[in-house]
Structure formats: C-alpha cells, structure tokens
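> Give me a 3D structure for the following:
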Amino acid sequence: MFIDTIPNRTSPAAVLLRESYREGGRVKKRTLANLSKLPQVLIDGIAALIDGGKVTGKREAEPGFQIVRGLPHGHVSAVGGMIRKLALDRTLQGRTQVERRVRDIIEAMIIQRVIAPGSKLALHRALRPETATSSLALSVGLVDVAEREVYEALDWLIEQQPRIEAALARKHLVAGTLVLYDVSSSYMEGRCCALAKHGYSRDHRPDRPQIVYGLLCAPDGTPVAVEVFEGNTSDPQTIREQIDKLKRRFRLAHVALVGDRGMITSARITEELAPAGLDWISCLRAPQIAALAADKGPLQLTLFDERDLAEITSPAFPGERLVACRNPALAKERARKREELLQATERQLARIAGAVRKKPAKHDATAIGLAVGAAIDKQKMKKHFDLDIADGRFQFKRREQEIAAEARLDGIYVIRTSLPRDEIGSEAAVAAYKSLALVERAFRTLKGVDMQVRPVHHWLGHRVKAHVFVCMLAYYVEFHMRAALAPILFADHQPEARERASIVRPAEPSAAAVAKRTKRHGADGTPIMAWHDLIANLGTLTINDVALPLGPARTLRMLARPTALQEQAFALLGVARPRVQ
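Residues are numbered from 1 along each chain as shown. So this is what the prediction gives:
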C-alpha cells in the first residue's frame, strides 16, 4: 500500500491511496481511496502509518483507523453497471432530458428489485441514510428522497412506458422475427383497485381478486413489453392489444406471434390475427388432435415409424401447416400420471360403494350422486368411468376403450403455423413453439423470490401497472446478468454442446452443466453458485467510511478488497469493478 501523487497541469495534483497486486504473473495497481481533499497533515500522517512509523497527537490513545460504517456495495454496483452497459439509463431518460432525479429514483427501484425486492416503502427506507441496507442511495446519487417522490416517479414511468417499450422493441425485434407471448396472473391485496377482479387464478388463490398481465419477449426470451389487464380477462381477449402494439407502436411490418393453444385459438386467428396480417405459431388442442387421428384421418401413427416428426395437412385448417410430433418420454410420463389418477379416483369411489353396500337404506340417489361428484371431480377423471347410481346402489367401472383411445395419442402434439416452409422449417417451427418455455421462466422469475410481483399493495390502477412494468425492467436487467454470469452459475452455458436425438425429445444438459452440478466448481476451481447466493456474495464487497486519527474528526471512503470470485463476476459482466466515487 502506498500514496501516489498524480500531477495535473491545470489542476492540483491528485493524491491517491493505492496498492500493488500480482495477476497472471504481472504486477498491477489499483486505487483504494482518493485523498486529494484531505489536509496535507493528514496525508503525511497516513504516509507515516503506511511506512510503519508512529503518529502522535491528542487522539493517540484511540485506534489508528476506525470503520464508522460499512454498506454492502458490490451487488448494487454490478446491477447498476449492467443498467449502464445495456444503456437502459439513457432509454429511461429519453430525448427530453427529464429531471435526472426522477430517472435516478426509477433506476434505484430497478436495482432494489433485483437485489432485495420489496415494497415502495421499503425502497424509501433503503434510500435513507439512517435505515440504508446497502449503498443504493450513494450509488445512484440520491439524497433526502421523500416518500411522495417514489410514487410520483411511478406516475411518470407509466406515462413513459410506450416510449420505453418501443425503444426496447427497436433493439430486440426486427421485421420478420418471431415474438413470444404468454399470459399469467397475480392475486391482489385489498379490494380497492379497479383492475382487481376474480378470475382463473394461476396462483391457486380463488379467494383473492387478481390482475392478469401479458408478456411479450424476443425469440431468445428477452422481455420487451408487458400489459396489465383486469383479473377476469381471458387469455384470448388479450391478443387484440398485442396486435395493436406490434403493428402500430412497434411498427413491425411482418411478425409471427408464438402463443400456446389456449391463447391463439381458431377464433382469434380468424377474427384478429389473419385480418391484421400477422402470422402465428401455436398448437392444437387435444380434441382437435383426436379428430385428426380418427379413422383414415391425416394423423396416423405409422407416420412416426421412422422419425418422431411429420408434416401433414388438413382441410379443417386451410392455409396452415401442421407439424405432428411424438415425444416418447412425454408419452411415458402421461401414461404414468393417468394411471395414478385413475387409481386415486377408484379408491375414492370404492369407499363410497362400500358405504352404500353396508347401509343401502340410508343412501338415496341424490346423496350418492353428490358424494361421487365431489370424489370424481377432484382428479378430473369423470370421462374415464361409467357410473351406475340409484337409491341404495352404486357401481362403477373403467371405460377401457376410451382410455385406450386416449393412450394411443400420448406424447403426440401438433404444431400449427401459417408461416410458409421457405421461411421456417418443420423442426424450427417446433423449436419456436417450445421456446415459450422462456416466457414461462420469465413468469417464474417475476412471481417468485426474484422479483416478487406479488403481493401487490397499490390501490390505483395506473400504479399497479407501473409496479408490474418496474418488475419487467428489473427482469430485463437480470436476464442479461444471468446470461453473462452463466459460467459461474448452476446454468447450462454451453447449449450448443448438447447432443439431441431429435428436436421433439428433451434436450440433454451439456457435459459442462453436469460437471458443475456434480463438482460444485468450474474447471479452473471457481466456486459455482446459485443466482441468489452470488448476489449475496457480491454484497459482501462493502464500501466503508473510515475515521482517521489525526486532527479534527475526518473520514475517508474506502472499498473492501474484492475476492477472486467477485473479480471474475465483474469481468464476466463486462462492467467496471466497483470504485470509490
């Protein structure tokens, strides 16, 4: 450790506290603190301490250096660095050069949502010096943030959402590309929000009102736009807004929408997608597949004798290509699950039949029917049983022919698309539909411990929308961070090395991914971590206020020395290593 004086022709020389270290056989230097603003007597005292001398004075009985406060800083610096690398800070501000403070508050929301998601009041506490849990306020340059400013920033953000989403679309979507789209929902706290309605709950909370939101992603899973709807909005009803967004706001002349079978229905294709000139990739429902597989239909099992993929046509779907796929692993899993559900239903029905046989006089047809209905609806197996219910009598048996007919189609699914073969091949169409798993991963991140969309405590509809948009922007940053940090995360960072027998079969993890899971460290000995563990590890790189023992009470700001893992994380992210401002 030494003091280095850097001359400047037009300004006073800069006095830096620096240290030397060795990396890869080379000697390098790094700055620990800037001492330029300290009195010369203090600089001389620090130099004496470094040289092993003694410094005397009125405070000689006190410790030489004392850490007044240390704040977690590394994770804040990493997320903030990625925001700047992605130019998201400039995207937020736009061309109007809005007040920088508003943009800084939004940036603080995004960073906090990645490192420690919580309420807006929790963000306000995190920005106050006396209750700060990280260097967030210091890093974004915020001082004395009022609670109202946080909510005013949300109000500004929702007004800017169309402009920000259009900028993201220009960056990640081009004409002729595929756009992934899916819908999810989250329950609400309270009953005052106009958007909160009772509907189909994916959170298994039918007792709570909810909101519905649809997420548009680029083909690689990068989130681009999000839309919030009332909680009782069905999935197909959200398509119209996405068409308007893609055609009018994003100005994409030719785009293909990829959505699941419950989203892109035949009615939506006929009434909305086709008239708007959009192409689509989706999947047929089970009854439609069964109709294709009926006697002398275009879908015959002999198509899969040589390969697990075959392209067919049907007059029921004019102008569309149908790609039939068979997944043997999926067929085995569906057969296992069906048998378990059948057996569970039989056990319930057998108990009811036994009770009726013991005391038939106490069981009329109505009472038996209610009990049987409750039991059989639990496993959704009614279609597979014949039921004989009368006063004092109940019998049941499996519908073996229907079960066998359903089993014949286990593992078979059919992709439907309007794209011609010269634009997308059969395997590429299947891969595009399977990429909807990337949107599902986004929803898991948004709703899980990463972003925590729920619980939603806002009452005003526009602030609920702003809250969801902040979560999407935070996921946008985390998505790119995870991709960059994949070599030191439990993630498959070598997907191109996978060996797959067919596009319709489950992809095997690469050798590198298997090695990381088993050995828990990389080939170079670097520890492999989960995402949250790595973020916590980066947080241990603290920024410290250090009191000096000389003269009047003075402090300087010093950064803790990063570990080798932290150095590697910042190198992988491609952002500058944390430094003292």
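> what's around Asp235, how many residues?
Asp235 sits with 22 neighbouring residues when counted by other CB atoms under 10 Å. Quick note: C-beta positions are derived from backbone N, CA and C, even for glycine.
> wait, what's in contact with it?
Residues in contact with Asp235, defined by CB atoms under 8 Å, 6 or more residues apart in numbering, are 183, 262-263.
> Tell me the spacing between it and Val430.
Separation of Asp235 from Val430 (CB to CB, to the nearest Å) stands at 22 Å.
> What of Ser418?
Taken as CB to CB, the span from Ser418 to Val430 is 15 Å.
> Tell me which of these two has more neighbours.
Per other CB under 10 Å, whichever of Ser418 and Val430 has more neighbours is Val430, with 24 against 18.
> where do the strands sit along the stretch 151-300 of the chain?
Listed from the start of the chain, the stretch 151-300 of the chain has strands (DSSP state E, counting those that start in this stretch) covering 178-187, 210-217, 223-230, 256-258, 279-283.
> now the fourth one: mean pLDDT?
Pointing back at strand 256-258 there. Averaging pLDDT along strand 256-258 yields 92.
> what does it rub up against?
By CB under 8 Å, 6+ apart, the residues outside strand 256-258 that reach it are 177-181, 239, 242-243, 246, 264, 273, 278-282, 417-419, 424, 432-433, 435-436.
> give me that answer again for 10 Å
Residues outside strand 256-258 that contact it (CB atoms under 10 Å, 6 or more residues apart in numbering): 176-182, 216-217, 219, 239, 242-243, 246, 263-264, 268-269, 273, 276, 278-282, 417-419, 423-424, 429, 432-436, 439.
> ditto for stretch 356-374
Stretch 356-374 is contacted by residues 348-349, 351-353, 355, 382, 385, 387, 389-396 when judged by CB under 10 Å, 6+ apart.
> how does it look with 7 Å?
With CB atoms under 7 Å, 6 or more residues apart in numbering as the test, stretch 356-374 has contacts from 349, 352, 387, 389-394.
> Now the two most distant members of the residues you listed.
Pairwise distances across those peak at 17.7 Å for Leu349 and Asp391 (criterion: CB to CB).
> Can you pick out the residue with more neighbours from these two?
Leu349 (21 against 14).
> okay, and for the stretch 151-300 of the chain, where does confidence drop off?
Regions of the stretch 151-300 of the chain meeting the criterion pLDDT under 70 are absent.
> right, and Ser314 touches Pro298 too?
Yes - using CB atoms under 7 Å, Ser314 makes contact with Pro298 at a distance of 5.1 Å.
> sorry, back to before: just the buried residues of the contacts of strand 256-258.
Buried subset of the contacts of strand 256-258 (neighbour count, 16 or more other CB atoms under 10 Å): 178-182, 216-217, 219, 239, 242-243, 246, 263-264, 268-269, 273, 278-282, 417-419, 424, 429, 432-436, 439.
> Skip the chain neighbours and tell me the closest residue to Met1.
Leaving aside its sequence neighbours, Met1 sits nearest to Glu19 (CB to CB, 6 or more residues apart in numbering; 4.7 Å).
> again, but for Lys380
Leaving aside its chain neighbours, Lys380 sits nearest to Leu341 (7.5 Å; criterion: CB to CB, 6+ apart).
> Looking at the strand or helix carrying that neighbour now, give me its mean pLDDT.
Under the criterion of DSSP states H and E, Leu341 resides in helix 328-358. Helix 328-358 comes out with an average pLDDT of 93.
> Could you list the buried residues of that helix?
Neighbour counts over helix 328-358 (16+ other CB under 10 Å) mark 328, 330-331, 334, 338, 342, 345-346, 348-349, 352-353, 356 as buried.
> For my notes, please list those residues in a markdown table and give distance to Val546 for each entry.
Listed next are the buried residues of helix 328-358 as a markdown table, based on distance: CB to CB, whole Å:
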| residue | distance to Val546 |
| --- | --- |
| Pro328 | 64 |
| Leu330 | 60 |
| Ala331 | 65 |
| Arg334 | 63 |
| Arg338 | 67 |
| Leu342 | 70 |
| Thr345 | 69 |
| Glu346 | 72 |
| Gln348 | 69 |
| Leu349 | 74 |
| Ile352 | 75 |
| Ala353 | 79 |
| Val356 | 81 |
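> closest to Phe2 among the residues you listed?
Phe2 has its nearest neighbour among the buried residues of helix 328-358 in Leu330, at 64.8 Å by CB to CB.
> Correct me if wrong: that closest one contacts Ile412.
No - the pair Leu330 / Ile412 is not scored as a contact, 8.7 Å apart, by CB under 7 Å.
> quick one: which helix or strand includes the nearest residue to Asp492 once chain neighbours are set aside?
Closest residue to Asp492 apart from its sequence neighbours, by CB to CB, 6+ apart: Ala513 at 3.9 Å. According to DSSP H and E, Ala513 maps onto helix 511-519.
> which helices and strands does the helix or strand that that helix is followed by pack with?
Next helix or strand after helix 511-519 toward the C-terminus (DSSP H and E): helix 531-539. Where contact means 3 or more CB pairs under 7 Å, 6 or more residues apart in numbering; DSSP states H and E, helix 531-539 is packed against helix 74-85, helix 564-573.
> CSV please, covering these and showing mean neighbour count, distance to Ile368 and mean pLDDT.
Converted to CSV, the helices and strands packed on helix 531-539 look like this (neighbours: other CB atoms under 10 Å; distance: least, CB to CB, whole Å; pLDDT from 0 to 100):
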stretch, mean neighbour count, distance to Ile368, mean pLDDT
helix 74-85, 24, 61, 95
helix 564-573, 17, 64, 94
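> Kind regards, and thank you for your time.
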